[in-house]
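*Asks:* no letters, just coordinates:
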DNA sequence: AGCCGGTTGTGACCGTTATCACACCAGGGT
DNA sequence: ACCCTGGTGTGATAACGGTCACAACCGGCT
């Protein structure tokens, strides 16, 4: 079957082939069946806003397909991207558990498939399924861990160069490029967005990239970026 | 009874008078009894290190009395204080749940009473007590929320002045001084430590305080600080 | 009293980076 | 071909804040 935004919808969690790899989805069948009954399978186009920071929590969004930009934003319009969520992640979890407002804004950057669960339903589900509750704790730990990394990067770096280098190195540890001498990665974000990820200005990012290219540390063709000198990059990252 | 560091030890969680006010301690009696059996009541002097970031998790530390400084630290020795933990908080929780290394360092800044629970015991306890598991999720949400605030402050502020103003305003919302026109607060930290909380240098903090005093926004006698112009402070904080 | 360590105050200097202001260059639509 | 829009390169300028270097201060100790 084909959905609105050119997505093939996975109808049921029970038959989802991606289950085993995911932290949250991989539950015993009884719990999964219960989950099945309270979830709403939905799809969003690129650029859709799932929730906005400050809203009181309506429920959780389990991301099945596509990527979602998680950000905070100041009164004067400056935006900071905390992370790009990947399939398998549960969005809005901490707010839904605690009842406090969403602390982030979630905006799709691909067409996305999402399972939504209303807050009351979800809380009831947790009370009834202890094992799911533990998974939630695990997911929250994961998120906390992430946030700590962000704090470390933002708070302990001396320069924008350091933060950019850290980001590139982190990206290069994905997609099985970890071990490679000269890892490649797809630059899926604009300079503006990268700037928002490391808390600096767009111009600075552009200049830093130019600098890195001049020093032969990176190289790019099209949207593919190749790290030619991992050592030098690590040096800049301050480790 | 009197303990090593001049602390009066609360022997049992079951009779602890502080229970009701605390998020984690307030559990049904059956769970609390089980908790009682696996916890070790311990006491630490001021300056003791409960755990260090990067260590693999030995277990959780429930803080009953005293304050604990939670910080991260870079390779070159720079320190960033994320928060000062107060009684009732559970330290090392996310690492213990996920099994990943502690992401923070915990150091007592008062004589402290702490209930320690070994990781295996704690995980078993969680499996057997669904309601406790939910409390853990709540605590983790709380911590995540905190971390997000830290990220916001570090990442979206334009200046050190802004961050300091935010910190002072946050402090002033404690101790029931919230509503007051000219809230007072005890300055329990040195300029150095304040600097580490907002990710700036000690000298900058000193200069900022001088500036604020000159502009009659704050006033201090001894270790007591009085906010004389909340409006102006809020303006500096950018809200 | 005198000495000490830790803390606070202050000046000078200089690097990093935000900001503004453009030029430039795709790609898409008409 | 044209324009537009959104992304990218690059210079000039100013300010914020880190760092170094001291002086001043304030307990506590002997």
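*Replies:* Received, thanks. Computed from a predicted model, the values in this text were never measured in an experiment.
*Asks:* tell me which residue lies nearest the centroid of chain A.
*Replies:* With distances taken as C-alpha atoms, centre = their mean, residue A:85 lies nearest the centre of chain A, 1.9 Å away.
*Asks:* the closest residue in space to that one that isn't next to it in sequence: how many residues sit nearby?
*Replies:* Closest residue to residue A:85 apart from its sequence neighbours, by C-beta to C-beta, 6 or more residues apart in numbering or on different chains: residue A:68 at 4.3 Å. Heads up, the C-betas are built off the backbone N, CA and C, glycines and all. Other residues lying near residue A:68 total 27 when counted by other C-beta atoms under 10 Å in any protein chain shown.
*Asks:* per-residue confidence for residue A:68?
*Replies:* Note for residue A:68: predicted pLDDT of 92.
*Asks:* can I assume it is in contact with residue A:50?
*Replies:* Yes. With contact defined as C-beta atoms under 8 Å, residue A:68 reaches residue A:50; the gap is 6.8 Å.
*Asks:* who touches both of those two?
*Replies:* A:91, A:106-108 (C-beta atoms under 8 Å, 6 or more residues apart in numbering or on different chains).
*Asks:* please identify the buried residues of the helix of greatest length in chain A?
*Replies:* For chain A, the helix that runs over the most residues, judged by DSSP state H, is helix A:130-156. Neighbour-count burial for helix A:130-156, counted by 16 or more other C-beta atoms under 10 Å in any protein chain shown, picks out A:130, A:132-156.
*Asks:* same check on stretch A:154-174?
*Replies:* A:154-157, A:160-166, A:168-169, A:171-172.
*Asks:* how about the strand or helix carrying residue A:120: buried residues?
*Replies:* According to DSSP states H and E, residue A:120 maps onto helix A:119-128. Across helix A:119-128, burial judged by 16+ other C-beta under 10 Å covers A:119, A:121-123, A:125-126.
*Asks:* which parts of chain A sit against DNA strand D?
*Replies:* Within chain A, the positions lying close to DNA strand D (C-beta under 7 Å from any atom of the strand) are A:158, A:190-192, A:202-203, A:206-207, A:209-210.
*Asks:* kindly recompute the last result at 6 Å.
*Replies:* A:190-192, A:203, A:206-207, A:209-210 (C-beta under 6 Å from any atom of the strand).
*Asks:* ranges for the strands of chain A?
*Replies:* In chain A, the strands defined using DSSP state E lie at A:39-44, A:49-51, A:59-65, A:68-73, A:79-85, A:90-91, A:105-108, A:112-118, A:184-186, A:218-221, A:224-227.
*Asks:* can you list those strands in CSV and add distance to residue A:197?
*Replies:* Listed next are the strands of chain A as CSV, based on distance: least, C-beta to C-beta, whole Å:
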stretch, distance to residue A:197
strand A:39-44, 22
strand A:49-51, 19
strand A:59-65, 19
strand A:68-73, 9
strand A:79-85, 5
strand A:90-91, 18
strand A:105-108, 14
strand A:112-118, 20
strand A:184-186, 14
strand A:218-221, 17
strand A:224-227, 15
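*Asks:* ChimeraX command for the buried members of the residues of chain A next to DNA strand D?
*Replies:* Only the buried entries of those go into this ChimeraX selection, using 16+ other C-beta under 10 Å:
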select /A:191,209
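*Asks:* out of the residues of chain A next to DNA strand D, which one sits closest to residue A:228?
*Replies:* residue A:209 (13.4 Å; C-beta to C-beta).
*Asks:* and that closest one, what's its pLDDT?
*Replies:* Looking at residue A:209, its pLDDT stands at 97.
*Asks:* for residue A:21, same thing?
*Replies:* Looking at residue A:21, the pLDDT reads 53.
*Asks:* how about residue A:109?
*Replies:* Looking at residue A:109, its pLDDT reads 87.
*Asks:* also residue A:26?
*Replies:* 69.
*Asks:* residue A:77 and chain B, how far apart?
*Replies:* 10 Å (C-beta to the nearest C-beta, to the nearest Å).
*Asks:* got the phi and psi for that residue?
*Replies:* As for residue A:77, its main-chain torsions (degrees, to the nearest 10) stand at phi 90, psi -10.
*Asks:* for DNA strand D, see how far away it is.
*Replies:* For residue A:77, the distance to DNA strand D equals 15 Å [C-beta to the nearest atom of the strand, to the nearest Å].
*Asks:* number of nearby residues for that residue?
*Replies:* Count around residue A:77 with other C-beta under 10 Å applied: 6.
*Asks:* picking up where we left off before, and of the buried residues of stretch A:154-174, the nearest to DNA strand C?
*Replies:* residue A:160 (3.6 Å; C-beta to the nearest atom of the strand).
*Asks:* doesn't residue A:208 make contact with that closest one?
*Replies:* Yes. If you go by C-beta under 8 Å, residue A:160 and residue A:208 touch, sitting 6.4 Å apart.
*Asks:* per-residue confidence at residue A:44?
*Replies:* 89.
*Asks:* residues contacting it?
*Replies:* By C-beta under 8 Å, 6+ apart, residue A:44 lies in contact with A:5, A:50, A:66, A:108, A:111-112, A:114.
*Asks:* show me the beta-bridge partners of it.
*Replies:* Residue A:44 has the following beta-bridge partners by DSSP bridges: residue A:112.
*Asks:* returning to that earlier point: what two of the buried residues of stretch A:154-174 are the furthest from one another?
*Replies:* In terms of C-beta to C-beta, the buried residues of stretch A:154-174 reach their longest pairwise distance at A:155 and A:172, which sit 22.8 Å apart.
*Asks:* from DNA strand D, how far off is residue A:95?
*Replies:* Taking C-beta to the nearest atom of the strand, one finds residue A:95 at 29 Å from DNA strand D.
*Asks:* what of residue A:48?
*Replies:* Going from residue A:48 to DNA strand D by C-beta to the nearest atom of the strand gives 17 Å.
*Asks:* what comes into contact with stretch A:197-212?
*Replies:* So stretch A:197-212 is in contact with A:80-81, A:153-154, A:160-161, A:163-164, A:167, A:189, A:191-192, A:194-195, A:218, A:220, A:233, B:154-156, going by C-beta under 8 Å, 6+ apart.
*Asks:* how far off centre is the longest helix of chain A?
*Replies:* Its chain's average C-alpha position is 12 Å from that of helix A:130-156, according to C-alpha atoms, centre = their mean, to the nearest Å.
*Asks:* do that helix and DNA strand C meet at all?
*Replies:* No. On the criterion C-beta under 6 Å from any atom of the strand, helix A:130-156 is out of touch with DNA strand C, staying 11.1 Å away.
*Asks:* which parts of chain A sit against DNA strand C?
*Replies:* A:159-161, A:200-201, A:203-204.
*Asks:* which of the residues you listed sit farthest apart?
*Replies:* A:159 and A:203 (14.7 Å).
*Asks:* my guess is residue A:220 contacts residue A:227. True?
*Replies:* No. Using C-beta under 8 Å, residue A:220 makes no contact with residue A:227, being 10.2 Å away.
*Asks:* pick out whichever of the two has more residues nearby.
*Replies:* More neighbours surround residue A:227 than the other of residue A:220 and residue A:227, with 23 against 14 (other C-beta under 10 Å).
*Asks:* can you list the shared contacts of residue A:68 and residue A:50 in a markdown table and add distance to residue B:37 and neighbour count?
*Replies:* Shown next, in a markdown table, are the shared contacts of residue A:68 and residue A:50 (distance: C-beta to C-beta, whole Å; neighbours: other C-beta atoms under 10 Å in any protein chain shown):
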| residue | distance to residue B:37 | neighbour count |
| --- | --- | --- |
| A:91 | 38 | 22 |
| A:106 | 42 | 22 |
| A:107 | 47 | 19 |
| A:108 | 48 | 22 |
